[in-house]
Every structure is written in structure tokens, then in C-alpha cells.
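Q: Fold the following and give me the result.
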Amino acid sequence: MNYNWNWGIFFQPNPMGTGTYLDMLLSGLVLTLKTAALAWVIALITGSLVGVMRTLPSKGANWFGFAYVEFFRNMPLLVQLFLWFFVLPELLPKTAGTWLKQLPNAPFWTAAIGIGFFMSARVAVQLQAGIGSLPRGQKMAATALGLTTVQAYRYVLLPMAFRIILPPLTSEFLNTIKNTAVAITIGLLELTGQARSMQEFSFQVFEAFTAATILYLLVNAVVVTAMRFLERWVAIPGYITGK
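A: Predicted structure coming up:
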């Protein structure tokens, strides 16, 4: 293969006038982390609400939770981002549609919301499984103590369920970080987008995507390590992951 390797390309100025090519990648990494963090907050809050609804005795809540999960889980993320970014402004009234089109940092907000709702369906299923794995006696004991349904979930069921599903939630958070790469299709210059820009400017494709790969791996390694410490910290001795 006739390819000229140039690892010093990272310290050369980029054509955007924003520093070196390494600065380009790091700015993309920062945007990746911001997008993933906001998307995960949306996913965790919305997914928790939907997951609880799927475990309530109410048929209406169950059906809503079922429809929500099936809609967002069974549609490809790329299609959802296109719907949010290109289709939704056209369906809204003209004033609202124009406001959405002119929204500053529209790709960022669209990506965060789209990825957040997409991942919330997965969080909802994980939480439903966590609550379902708890002994029935816990909910019965909470009722016997006079706790309302809200109090039973808040003080008894959810604290235990979240401890149980911490490992799969870690995987979902990592998926959220990686899913931000799809946002390049709507113009978000996150890490993958900046790596592609570097490749187009410098024609050093292997160096650009090797650096992006290393940055993704480093971020994910930090997340996994932090979540392991969190699992040990919240573990209940003698129960599930507790020692």
C-alpha cells in the first residue's frame, strides 16, 4: 500500500484557523461528551418514568409504556434523527417550524434529544426488568407499612432496582456516547465529524481515525472504571452485587 504516514499532522495548524488538527479532535471530543451527557440525562429521566409506568397495575399506564418503548426502540436511530431534524419543522405551524430551523446549535439539540429518547426506551426496559426481579414481598411490606405507591417506588423499589441494573446501565451509557457519532449525518461536528474533517483537509485518513478511536477508548475506559467504583459504593452487603 502506497501511503505516506505522518503522525506529526496532529501538531500542524488546521485550515479552520482554530489551532492544530489535535485541537480539532479535542473540540469534537468535548462536543461528543456534552451531547452524550445531555442525552443520557434525558434517557435516564424519561426512561425511569416509562419503566415505572410499565410496572404499574394501571392498564392505561402499561399500554402507554408499551407503545413508547416499541416506537422508539424499533425505529433506527438514524431515521429518528432525520425525523427530528428535517421532518418535524415542516409538520409544525410555520412560525414554530421557522424557529426550529433557525435555532442556534440546532444539530446539537436535535442529536441530544433524539439520542435521549432513543436510549430512554432501553433504560425503561432495563428498569422494568430490575423492578420485576425484586421479591414481591418488598412491595407488600411497603404497603403494609402504609406507604403510598409513590412512596413505595421512591423509598423501596427504585433504590434496589437501580442497584441491580447498574451494570447494564453502564453499557447503555457507553452506547449513548458511541451513538453520538450518528449525529454527523445532521451536521454535528462531534469527534467522528472532526476526524472526517481532518481526513478531508489533510488526506491522512488512518491517523485521523486512529486518534478518534483512541479517544473513544479512553473515554469509555474512564466511564467503566467510574461505574465499577459506583457499583461497589452502592452495593448492599449480602444482596445481589454486595459482598
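Q: what's near enough to touch Tyr216?
A: Applying CB atoms under 8 Å, 6 or more residues apart in numbering, we find Tyr216 in contact with Ile177, Lys178, Leu191. Using the backbone N, CA and C atoms, a C-beta is placed for each residue, glycine as well.
Q: where's the most centrally placed residue in the chain relative to Ala39, distance?
A: In the chain, the C-alpha nearest the mean C-alpha coordinate belongs to Thr176, at 2.9 Å (CA atoms, centre = their mean). Going from Thr176 to Ala39 by CB to CB, to the nearest Å gives 5 Å.
Q: Now for these two: what residues contact both?
A: Shared contacts of Thr176 and Ala39, counting by CB under 8 Å, 6+ apart, come down to Ile115, Met119.
Q: on that earlier part again, ok, the residue nearest to the centre of the chain touching Ile115?
A: Yes: under the criterion of CB atoms under 8 Å, Thr176 makes contact with Ile115 at 6.2 Å.
Q: Show the backbone phi and psi for the closest residue to Gln204 other than its chain neighbours.
A: Using CB to CB, 6 or more residues apart in numbering and skipping the chain neighbours, the partner closest in space to Gln204 is Ile9 (4.9 Å). Here is the backbone geometry of Ile9 (degrees, to the nearest 10): phi -60, psi -30.
Q: cool, Thr20 as well?
A: Dihedral pair for Thr20: phi -90, psi 170, per degrees, to the nearest 10.
Q: how many neighbours does it have?
A: Using other CB atoms under 10 Å, Thr20 has 14 neighbouring residues.
Q: Equivalent analysis for Leu218, please.
A: 11.
Q: In terms of helices and strands, where is it?
A: Using DSSP states H and E, Leu218 sits within helix 205-234.
Q: Look up the pLDDT of Met1 for me, please.
A: Met1 is assigned a predicted lDDT (pLDDT) of 61.
Q: let me redo that: Tyr239
A: So, for Tyr239, pLDDT stands at 64.
Q: again, but for Ala96
A: For Ala96, the pLDDT comes out at 89.
Q: Kindly report the same for Ser133.
A: Ser133 carries a pLDDT score of 88 in this model.
Q: and the helix or strand where the residue nearest to the centre of the chain lies, what's its mean pLDDT?
A: Using DSSP H and E, Thr176 sits within helix 166-179. Throughout helix 166-179, pLDDT has a mean value of 94.
Q: Which other helices and strands does that helix contact?
A: If contacts are counted by 3 or more CB pairs under 8 Å, 6 or more residues apart in numbering; DSSP states H and E, helix 166-179 sits against helix 21-53, helix 106-132, helix 205-234.
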